[in-house]
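Student: after the sequence you'll find the predicted model.
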Amino acid sequence: MSKDELKIKLAELIPSATFDESGEWLNINITPPDFMSSIEILRNKVELNFDYLFCQTCIDWKTHLMMVYHLESTAYRHQLVIKIQLDRNKPEIETVSHIWRTAEFHEREVYEMFGVNFLNHPDLRLLILPDGWEGRNPLRKDFEDPVNMIKL
Amino acid sequence: MTDKFQSDSPHAFPGEVHPTPGGGVLVSKLDDVINWARSNSLWPLVFGTSCCAIEMMSTASAKYDWSRFGFEVARATPRQADVIIIAGTIVNKMGPVLKRLYDQMADPKYVIAMGACATSGGPFFYNTYSVVKGADHIIPVDVYVAGCPPRPEALINALMLLQQKIKKGLTREQIREESKIVPIDIGNQKAS
């Protein structure tokens, strides 16, 4: 499915979504309440068939956090980027690890780096950071570490 | 005398030849001979933590081939290695591993800090929470190589510098004593 066809199809299936076509991929902004239903549609609709989550990350925009999901269909070779805004003070979102297994690790990384709480994640704990780092999130823009960090 | 044993080259065999009819007698110090032998068979440890390791692999491979200078074969166990080349960034989590590897190496053992990261933290000196600012915070370093990453020629130069250092036969403490900066006497100024 081409970018335009994908956009028309998705606008039909997810009426609340907004689109951004400035980048290489089609971007779709989804509101948190619609997240789980949208994900189900993207994965299970036969003509969409997004069976591959090839990147999952988060961005700190200082005013809010943004979860970013890169999806691809290995059958149709079309790609899609999902963006969801989260509250910076209480970032919470449903896990997608039961749909794409790879998300289990990606979400642990986002959890330790940004402090996003993934609801219903099977094993939400630190991935690489040493024990005891919970609550200090190095990729947040306001992260400070007076012991290890030399500020420029 | 043009005898090869009495060459001034730092790579020559140590000692003096006293000519006798039908040959000669070589007089040398056992310490010098041991150091000469030791410096020409330094086996590096397989250890690399980032892009410097790619240059190190290149130095070991056919084009640069460090075996020519006695770094015959890289060993995958610290028990059989003589020199550890810290090729790459050392993060706080890697620190204890590096220390353990160094401790497991048999004496005499030597350390080369390859590249900016191993020397000082390099590009990760400022605004980072995870990088050790210089591997010499963890283990003592014999030779530092500049570069990010250094070219294979630079690494070979560092390895040969290490050989010269070993041939001199001084311990770390002696070298430190020798290279102590002497305060310059500038005459009429009062000592502070």
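Tutor: Structure's in. What do you need? Residues are numbered from 1 along each chain as shown, chains lettered A, B, ... in the order given.
Student: which bits of chain A sit near chain B?
Tutor: For chain A, the contact set with chain B under Cβ under 8 Å from any Cβ of the partner chain comprises A:128, A:130, A:138, A:143, A:145, A:148-152. For glycine as for every other residue, the C-beta is placed from the backbone atoms N, C-alpha and C.
Student: just the buried subset of the residues you listed, written out for PyMOL, thanks.
Tutor: A single PyMOL command selects the buried members of those (16 or more other Cβ atoms under 10 Å in any protein chain shown):
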select buried, chain A and resi 149
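Student: columns pLDDT and secondary structure on top of the residues of chain A next to chain B, output as JSON lines?
Tutor: JSON lines is the format used below for the residues of chain A next to chain B (pLDDT from 0 to 100; DSSP: H, G, I helix; E, B strand; the rest coil):
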{"residue": "A:Ile128", "pLDDT": "90", "secondary structure": "coil"}
{"residue": "A:Pro130", "pLDDT": "87", "secondary structure": "coil"}
{"residue": "A:Pro138", "pLDDT": "91", "secondary structure": "coil"}
{"residue": "A:Phe143", "pLDDT": "89", "secondary structure": "coil"}
{"residue": "A:Asp145", "pLDDT": "84", "secondary structure": "coil"}
{"residue": "A:Asn148", "pLDDT": "84", "secondary structure": "coil"}
{"residue": "A:Met149", "pLDDT": "86", "secondary structure": "coil"}
{"residue": "A:Ile150", "pLDDT": "86", "secondary structure": "coil"}
{"residue": "A:Lys151", "pLDDT": "84", "secondary structure": "coil"}
{"residue": "A:Leu152", "pLDDT": "81", "secondary structure": "coil"}
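Student: B:Asp65: which of the residues of chain A next to chain B is nearest?
Tutor: Distance to B:Asp65 across the residues of chain A next to chain B (Cβ to Cβ) is lowest for A:Ile128, with 36.5 Å.
Student: select the longest helix from chain B.
Tutor: Longest helix of chain B, by residue count under DSSP state H: helix B:152-168.
Student: contact partners for the residue nearest the centre of chain B?
Tutor: Central residue of chain B (Cα atoms, centre = their mean): B:Leu162, 3.5 Å from the mean position. Contact analysis of B:Leu162 by Cβ atoms under 8 Å, 6 or more residues apart in numbering or on different chains lists B:39, B:42, B:83, B:110, B:112, B:142-143.
Student: how about these, which pair is most distant?
Tutor: Within the contacts of B:Leu162, B:Ser39 and B:Ile112 form the most distant pair, 13.5 Å apart (Cβ to Cβ).
Student: what sits closest to A:Gln85 if chain neighbours are left out?
Tutor: Of all residues not flanking A:Gln85 in the chain, A:His64 sits nearest, at 5.1 Å (Cβ to Cβ, 6 or more residues apart in numbering or on different chains).
Student: report pLDDT for the one you found.
Tutor: pLDDT recorded at A:His64 is 93.
Student: how about the helices in the chain?
Tutor: Went with chain A since none was named. Counting by DSSP H, the helices of chain A are A:3-13, A:35-44, A:103-114.
Student: to clarify, I was referring to chain B.
Tutor: Under DSSP H, chain B gives helices at B:30-39, B:51-60, B:95-104, B:115-120, B:152-168, B:172-178.
Student: hey, least reliable of those by pLDDT?
Tutor: helix B:172-178 (a mean of 67).
Student: mind listing residues that contact stretch A:27-46?
Tutor: So stretch A:27-46 is contacted by A:10, A:13-14, A:16-21, A:48-51, A:71, A:80-86, A:93-94, A:96, A:99-100 (Cβ under 8 Å, 6+ apart).
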